[in-house]
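1. I would like to see how this sequence folds:
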Amino acid sequence: MSSLLMTPTMVLVIPGLLALLIAIALLVPRRSRHGSGHRRGSGFGRFLRALFGLGFMLVALALLALALVLHGYRRLHADVPVARIALKQVASQRFSAMLTPEAGEPRTVELLGDQWEVDARVVRWQLPARLAGVPPLYRLERISGRYVDIQKEREAPRSLFDLTDAGQLDLWTLKRQFPQWLPFVDADFGSGAYLPMVDGGSFDLLLSPDGGLVAKPADQATRDKLRGMHW
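-> Numbers count the residues shown, from 1 in each chain. The predicted structure is shown next:
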C-alpha cells in the first residue's frame, strides 16, 4: 500500500482531490438557518468565495490532469533495479522471456534472435523542480529480440512487444507533440539495454538517476554463461 501511495500519480491525485473538495465547498451555495437557499453575507463576500472556489477548481483540474499523464511512471531516486528477465530456450534463436517489473504484473513473451533488448522512456525536470529534488521518472516501453548477424536483423522474423498501455496519453508523448506547453520538463528521451539470450539466464535491469538503462546478470550461473560467450 505504501508503494502505491508513493507513485507520482497518487502523489498528485491526493492533493488534487483535496483541492476539488475545497472548490466544491466554496462554490456550492449554503443554506441559511431559516431554510433559504441563498447564501448569507455580502455580495463582495460571495464574490470572494466564488473566486477562491474557481481557483481551487483550476488547481484540482491541473493536478488531476498531470496525474493522468504520469500514470505508469515510477520515481527514480538511485541506481535501482526496475525489472528482472528470466529466459528459457524453446528452439534455435527462439526464447521464452518472462519480464517481471518492480511495479506491475509479470509478462511472458517469445523473443526471436540472439539478444534481448528492453527500452524505457525517461522524463527529467526543469528548474525549479530540479532544485526541489524532484527525481526523474521512468516507464518501461518495449521488449524485443535482435540478431547478431546484420543480414538476419534485416530479413529474419522480428519480435517486438509493447510494455505500455495501448492508446494511453502520457507526459512523454505530450512533451514530444507540444513542447511549448511543458516548459517544466527539462528532457525526455529513451534509453535501452541489451544482452545475449542464454537458456536459463536471469538478468536484472537497472536505471540510474540520470536515466541510463543498464542490464546485468542476476546470478552467478548467468555470469558464467555470458563469460563462456566472451561477454
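2. Could you pick out the longest helix of this protein?
-> As assigned by DSSP state H, the longest helix anywhere in the chain is helix 43-69.
3. same question for that helix, mean pLDDT?
-> Here helix 43-69 scores 80 as its mean pLDDT.
4. Check which helices and strands it is in contact with.
-> helix 8-27, helix 171-177 (3 or more Cβ pairs under 8 Å, 6 or more residues apart in numbering; DSSP states H and E). All C-beta atoms are positioned from the backbone trio N, CA, C, and that covers glycine.
5. May I see the buried residues of the first one?
-> Applying a neighbour-count criterion of 16 or more other Cβ atoms under 10 Å, one finds 8-9, 12-13, 16, 19-20, 22-23, 26 buried in helix 8-27.
6. and of those, the nearest to A50?
-> Nearest to A50 among the buried residues of helix 8-27, counting by Cβ to Cβ, is L26 at 7.3 Å.
7. Quick check: that closest one touching F56?
-> Yes - proximity of L26 to F56 meets the contact threshold set by Cβ atoms under 8 Å, at 6.6 Å.
8. picking up where we left off before, weakest of the helices and strands packed on helix 43-69 in terms of mean pLDDT?
-> helix 171-177 (a mean of 66).
9. Okay, the nearest residue to L160 once chain neighbours are set aside and E110: tell me how far apart.
-> Residue nearest to L160 in three dimensions, not counting chain neighbours: S144, with 4.3 Å by Cβ to Cβ, 6 or more residues apart in numbering. S144 sits 11 Å away from E110, going by Cβ to Cβ, to the nearest Å.
10. Residues in contact with stretch 150-161: which ones?
-> 107, 109-113, 142-147 (Cβ atoms under 8 Å, 6 or more residues apart in numbering).
11. Nearest to F44, out of those residues: which one, please.
-> Nearest member of those to F44, counting by Cβ to Cβ, is R142, at 57.4 Å.
12. so that closest one sits right up against D162, yeah?
-> Yes - assessed by Cβ under 8 Å, R142 is found in contact with D162 at 5.5 Å.
13. Which of the two has more residues huddled nearby?
-> R142 (16 against 11; other Cβ atoms under 10 Å).
14. List the contacts of the more buried one.
-> Per Cβ under 8 Å, 6+ apart, neighbours of R142: 118-119, 160-164.
15. So what sits opposite it in the bridge?
-> Beta-bridge partners recorded for R142 (DSSP bridges): D119, D162.
16. any idea how far K225 is from it?
-> R142 is 25 Å from K225, by Cβ to Cβ.
17. The protein: helices as residue ranges?
-> Assigned by DSSP H, the helices in the chain fall at 2-5, 8-27, 43-69, 150-155, 171-177, 220-228.
18. Counting neighbours, what do you get for D149?
-> D149 has 12 neighbours, counted by other Cβ under 10 Å.
19. Which segments of the chain make up each domain?
-> 2-69, 78-228 (automatic domain parsing).
20. so of those, which one's packed in deepest?
-> Of all those, domain 78-228 has the most neighbours on average by mean count of other Cβ atoms under 10 Å, namely a mean of 16.
21. what's the nearest residue to A193 if we skip its chain neighbours?
-> A215 (3.9 Å).
22. So for E141, what's the nearest residue that isn't a sequence neighbour?
-> Per Cβ to Cβ, 6+ apart, closest to E141 is D119, 4.7 Å.
23. Looking at that neighbour now. What's its pLDDT?
-> Model confidence at D119 (pLDDT) stands at 92.
24. pLDDT below threshold where in this protein?
-> 1-11, 30-42, 66, 68-79, 127-136, 165-177, 179-180, 182-189, 209-211 (pLDDT under 70).
25. Report the contact partners of L17.
-> Shown in contact with L17 (Cβ under 8 Å, 6+ apart): 60, 64.
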